[in-house]
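K.L.:
sequence isn't available, so here's the structure alone:
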């Protein structure tokens, strides 16, 4: 089958060289390409673009202004910039209402705005963010372009920026798409404009704009944040975290703080950054969002990731970004695209360094990381991303239930995943050498109304991830089968890209068997306890099998969906599959995926079901032995690399979980 790749997750963004020579070379290349491909009428837009057009030319001009500010004095640069401004002021400044615009509070204002698409009535829904981007370009031109433009042009750009702010806040509903990164961008632009007006003796106007910006941030953005995993996040399309928009918000918050010194911007950026540090796998992979589930940002989020990564001492630069547009977006003709050029301007001016990894092993309330391994957990403390051997295993779906954990199978064929807590959860962390561990205890109620305390242990040893589950078998009906749902092997890193895993193989020393296609409806692969998925080896201390989902659009990796990414399937199941729906909601409408199922450890203590699964490099031996024994202190788990004591579910005298971790010498 044709390989399937995630379109916009490539390498970690901190791999992008940002030394002065690299930045100077990139800026020179940008300028040369822009001037060489400028259209006869002065237009800098991408001739092949069909959207995001209204701010393009102004963005390219801001890049020329940066080169001018850095000392480039070629006459052709001056001529190109001035011709470009003339074209933009003549052809791309709109003062009549766009037909079909649904968000205007004031009709026929005559104030300037930028269009998402130039034609009358063509997608006016996008005009608000296009105007934000155009304003950001304009204030950058004011900062950098004095002397490059004529005096008249320069003054016109200042007035244009002021007019844009008035349109955004007086004529249009503020933030009509409920997309916080755009709104924060407008605040950063307004604070920059206020500084520029203050410097020109227009103190009263500057003070009013700055006050309005701070009020809008407090009332329309900050007050509407939602709490996710304990962190307050700005809302993107009505929800919180979004893979593409969150890093962009960080860039805007960094800029807003630099302009204002307002501590709220720093504190809010720190919240987002800590949330990202919790979510991102060791390689920077994650999924989820109300608009973009797997489309990670490119250069536009880099400044914010670096700025706030330093502040919280986290390697946010491991974030897998879109390396097709490292410093800037490229138009179809090879010229720079001016869209998002403000981020390029700021990035090329920034001389700070990344905070690199340190303090291993590392634990947060929702993640465990050591060496080249990590596990990320949901708000319900259920693993949903296991990262090992440069591969990602994600939550599987069984009968509409998402997660990784113990699974009950009833005689009628229905299943119940024992991961949804009914009541408070408790967790305990432990570190021993290279080992990092988290023990989670959850009260779970079965469909038979039996309360079961499920204990699930995550251990990362730097090269492998070990998942252990312990529960009281005697609390369950005798005719119910218990398995461990070990997730869905999803991605492997190949040549700087993330490639979907389409087949696995059973392993019996010394080599894997014939590949088993994950897209064959209803197929089952039984093994003695090990499978390979690309460079990843998944081993269980007992039997291991793979069960494929049936045919149908609601089944991930069915014959109909095996050629699609998670995000694509999620959009197809969302309320509006044309790109405006919520892929998170679509993902939760998935009825089933491939299931990797492990059997209980055969010699577990009486009355207990114990599972042990290991995720590691395919070079490991296929056999994996783990044992469990009951003592007065709890259950002792022994694996080749460590031993762990999992205390009684009731915990210590204060109800806290008991966990002891002992590494084994190699």
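P.N.:
Perfect, I can see it now. As the structure is a prediction and not an experimental result, all values here were calculated from the model. Numbers count the residues shown, from 1 in each chain.

K.L.:
wait, doesn't residue 548 sit right on residue 522?
P.N.:
Yes: in terms of Cβ atoms under 8 Å, residue 548 counts as a neighbour of residue 522; the distance is 5.9 Å. (Each C-beta comes from the backbone N, C-alpha and C, glycine too.)

K.L.:
ok, the two, which is more surrounded?
P.N.:
For residue 548 versus residue 522, the count of surrounding residues by other Cβ atoms under 10 Å is larger for residue 548: 24 against 10.

K.L.:
quick check: phi and psi on that one?
P.N.:
Recorded main-chain torsions at residue 548 are phi -80, psi 150, according to degrees, to the nearest 10.

K.L.:
any idea how far residue 603 is from it?
P.N.:
For residue 548, the distance to residue 603 equals 30 Å [Cβ to Cβ, to the nearest Å].

K.L.:
and the helices in the protein?
P.N.:
Counting by DSSP state H, residue ranges of the helices within the chain are 20-36, 56-69, 75-91, 127-144, 151-166, 180-199, 203-216, 245-260, 263-279, 302-312, 341-349, 566-573, 583-587.

K.L.:
neighbouring contacts of the first one?
P.N.:
Outside of helix 20-36, the residues that reach it under the criterion Cβ atoms under 8 Å, 6 or more residues apart in numbering are 44, 60, 63-64, 66-67, 70, 72, 76-77, 80, 327-328, 334-336, 344, 347-348, 351.

K.L.:
how does it look with 7 Å?
P.N.:
With Cβ atoms under 7 Å, 6 or more residues apart in numbering as the test, helix 20-36 has contacts from 44, 60, 63-64, 66-67, 70, 72, 76-77, 80, 327-328, 334-336, 348.

K.L.:
can you say which of those residues are buried?
P.N.:
Among the contacts of helix 20-36, those buried by neighbour count (16 or more other Cβ atoms under 10 Å) are 44, 60, 63-64, 66-67, 72, 77, 80, 327-328, 335-336, 348.

K.L.:
state the distance from the residue nearest to residue 462 when sequence neighbours are not counted to residue 240.
P.N.:
The spatial neighbour of residue 462 that comes closest, neighbours along the chain excluded (Cβ to Cβ, 6 or more residues apart in numbering), is residue 371 at 2.7 Å. Between residue 371 and residue 240 the computed distance is 30 Å (Cβ to Cβ).

K.L.:
which one of these two is surrounded by more residues?
P.N.:
Here residue 371 and residue 240 are compared on neighbour count by other Cβ under 10 Å; more neighbours surround residue 240, at 24 against 17.

K.L.:
which residues touch the more buried one?
P.N.:
Residue 240 sits next to 226, 228, 233 when contact means Cβ under 7 Å, 6+ apart.

K.L.:
swap in 8 Å and give it another go.
P.N.:
By Cβ under 8 Å, 6+ apart, the contact set of residue 240 is 226, 228, 233-234, 290.

K.L.:
what about the closest residue to residue 505 other than its chain neighbours, how many residues close to it?
P.N.:
Counting by Cβ to Cβ, 6+ apart, the nearest residue to residue 505 once its immediate chain neighbours are dropped is residue 512, at 3.6 Å. Burial of residue 512 is recorded as 17 neighbouring residues (other Cβ under 10 Å).

K.L.:
tell me if I'm right that residue 207 and residue 194 touch.
P.N.:
Yes: with contacts counted by Cβ under 8 Å, residue 207 reaches residue 194, the gap being 7.4 Å.

K.L.:
which one's more surrounded, the two?
P.N.:
Taking other Cβ under 10 Å, residue 207 and residue 194 do not tie; residue 194 has more neighbours (27 against 13).

K.L.:
hmm, that one is touching residue 213, no?
P.N.:
Yes: Residue 194 sits in contact with residue 213 when judged by Cβ under 8 Å, with a separation of 7.2 Å.

K.L.:
so how far is residue 378 from the spatially closest residue to residue 379 that is not a sequence neighbour?
P.N.:
The shortest distance from residue 379 to any residue that is not its chain neighbour, by Cβ to Cβ, 6+ apart, is 5.0 Å, and that residue is residue 229. Applying Cβ to Cβ, the value for residue 229 to residue 378 is 8 Å.
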